[in-house]
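> Fold the following for me, if possible:
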Amino acid sequence: MTRMRRAAATLAATAAVLLAIPPTASATPVPHGTLVRENFDRLPLGPVTEGRGWTTDTSDGSLTVEPSTTGHGRELRLRTEGNGRAFLVLSDLAPAGNSFWARLRLRVDRFPTAPDWAHWTIAEASGSDAPTLVRPLGGQYVPTEQADFWGVGSDLGPTGDWTAWKTSAPAVAGGWQCVEFHLDATDNRVTVYLDGEEQSELTVSTKNHGGMADDFRFPRFDTLKLGWQLYQADPTPSSYDVRMDDVALSGRRVGGCAS
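Numbers count the residues shown, from 1 in each chain. This next block holds a predicted model:
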């Protein structure tokens, strides 16, 4: 009986240890206060309309879970035709202090080269208390430079429709980038990081932004969309492919982007 009790105790202890081990290990530590975490590895391959804690928003677009192009795990492919949209939608957010960090790995196959000033969005944060749309990741095709550039933007708020692109932040297609942004409500500040490096020229805040003279103010954030939308009709190219992976939202900087 004593041996049986010891064996049972050993099995119970082993089971407890196994239950304590997470089923998959994270490539990078995610801080406490994490709001969302998604690497798509647990989703079945094929078209997807929802996941754990998120839904989708599409028009002339689709979202598909596919084997990772890096050879490990799975990733999300977003495809649009013309000026369509394809977004992963994180809703019912309630970040402490109305502020949060986001990190994701991103690869855009091609950026628009027509029409002039073609405008695109990759991230859009909003809230039900105000119409203001905050676009911490997006950009524009600038015909005078014949290139696309990253820019922070907004729409439907008191500062109007604007994208504060900078030629010092070129949007380069065809390669993976680790992108981060911080929405800080203490000064309605948006800060962008590319591959771990702060892009200080893209920072906007209450008084320093790209719109009309009114103060730029955040809504009470409850929704974040991540994906692709192009606003002009008949663009060149006529379709767009975006790959996304390792999405995380947190009250602290998630990290993992530094080379």
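> ends of stretch 183-191, how far apart?
Stretch 183-191 has an end-to-end distance of 7 Å (Cα to Cα, to the nearest Å).
> Now do the buried residues in stretch 111-124.
111, 112, 118, 119, 120, 121, 122, 123, 124 (16 or more other Cβ atoms under 10 Å). All C-beta spots, glycine's among them, are computed from the backbone N, C-alpha and C.
> In strands only, show me those.
Counting by DSSP state E, the buried residues of stretch 111-124 place 119, 120, 121, 122, 123, 124 in strands.
> Residue 144 and residue 165, how far apart?
12 Å (Cβ to Cβ, to the nearest Å).
> between these two, who's got more neighbours?
residue 165 (26 against 8; other Cβ atoms under 10 Å).
> List the contacts of the host helix or strand of the more buried one.
Element membership for residue 165 (DSSP states H and E) is strand 160-170. If you take Cβ atoms under 8 Å, 6 or more residues apart in numbering as the criterion, strand 160-170 is touched by 119, 135, 138-140, 142, 145, 147-155, 192, 194, 199, 201-202, 204, 209-212.
> The helix or strand following it - contacts with which helices or strands?
For strand 160-170, the following helix or strand on the C-terminal side (DSSP H and E) is strand 177-184. In terms of contacts (3 or more Cβ pairs under 8 Å, 6 or more residues apart in numbering; DSSP states H and E), strand 177-184 is packed against strand 100-108, strand 130-142, strand 189-194.
> What average pLDDT does the shortest one get?
This means strand 189-194. Average pLDDT, strand 189-194: 98.
> Quick check: the nearest residue to residue 96 once chain neighbours are set aside vs residue 111, distance?
Nearest residue to residue 96, sequence neighbours excluded (Cβ to Cβ, 6 or more residues apart in numbering): residue 251, at 5.5 Å. For residue 251, the distance to residue 111 equals 32 Å [Cβ to Cβ].
> Please enumerate the strands of the stretch 1-150 of the chain.
Applying DSSP state E, counting those that start in this stretch to the stretch 1-150 of the chain gives strands spanning 34-38, 46-47, 50-51, 54-67, 74-90, 100-108, 119-127, 130-142, 147-157.
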